[in-house]
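Asker: Can you look at this prediction? I've put the sequence above it.
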Amino acid sequence: MEEFTTLNIIQLSAAYRDQAIALMEKVFTLEQQIPKDYLPVKVYPQMSWGILQNGELVALAIAWWEGNIWHWGRYTVDPSLRGKGLGKRLAHVSLKALFEAGAKEIHIDARDITVELLGKMGARAVGETFDFYGRVTPMRLHAKDFK
């Protein structure tokens, strides 16, 4: 983990769109068989955050406003860098930034691997787990509960 102690998590601009799509395809399409057409978030407004390593996007989280609530997702870390704490740091920074921007509540459809992490940050399940190319649990995170 030593090499990642100085990495910055940045809010991404449109200039990173192609890298974001490539990272999502690498993880969501190749690992989880989610169709490529589903990956780019086509709802605005939206914000995205990422971690760069040598100019390459290696982790991503996107938030978008839909149905009168902020949604957070497309959360991923490059497979070669998992288990180093990058995802946890990215989740915390991006969710905190979303609350600082005025969000009161965030909806998250979380894969099993993310449910525990989000629970430790104050999120709660708000529905039954369902199948979407794997198990997904609908969760809500309120600003007052965020840890």
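Answerer: Cool, got the structure.

Asker: can you list contacts of the longest strand seen in the chain?
Answerer: Counting residues, the longest strand in the chain under DSSP state E turns out to be strand 56-66. With Cβ atoms under 8 Å, 6 or more residues apart in numbering as the test, strand 56-66 has contacts from 9, 12, 16, 19-20, 22-24, 41, 43-52, 70-78, 81, 86-87, 90-91, 94, 98, 103, 106. Just so you know, the C-beta spots here come from the backbone N, C-alpha and C atoms, and that holds for glycine as well.

Asker: can you pull up the bridge partners for Trp64?
Answerer: Under the criterion DSSP bridges, Trp64 forms beta bridges with Gln46, His71.

Asker: can you tell me which residues contact the residue nearest the centre of the chain?
Answerer: In the chain, the centroid-proximal residue (Cα atoms, centre = their mean) is Tyr75; its distance is 2.5 Å. For Tyr75, the contact set (Cβ under 8 Å, 6+ apart) comprises 60-62, 87, 90-91, 114.

Asker: what does Pro45 give?
Answerer: Taking Cβ under 8 Å, 6+ apart as the criterion, Pro45 is in contact with 64-65.

Asker: Next one: it from Pro138, what distance?
Answerer: 22 Å (Cβ to Cβ, to the nearest Å).

Asker: ok, back up a step: would you say the residue nearest to the centre of the chain is within a strand?
Answerer: Yes: assessed by DSSP: H, G, I helix; E, B strand; the rest coil, Tyr75 belongs to a strand.

Asker: how near is it to Arg17?
Answerer: Distance from Tyr75 to Arg17, by Cβ to Cβ: 17 Å.

Asker: average model confidence for the longest helix belonging to the chain?
Answerer: Ranked by residue count, the top helix of the chain under DSSP state H comes out as helix 86-100. Helix 86-100 carries an average pLDDT of 96.

Asker: With stretch 139-147 instead?
Answerer: Here the average pLDDT along stretch 139-147 is 97.

Asker: Please consider this matter closed, and thank you.
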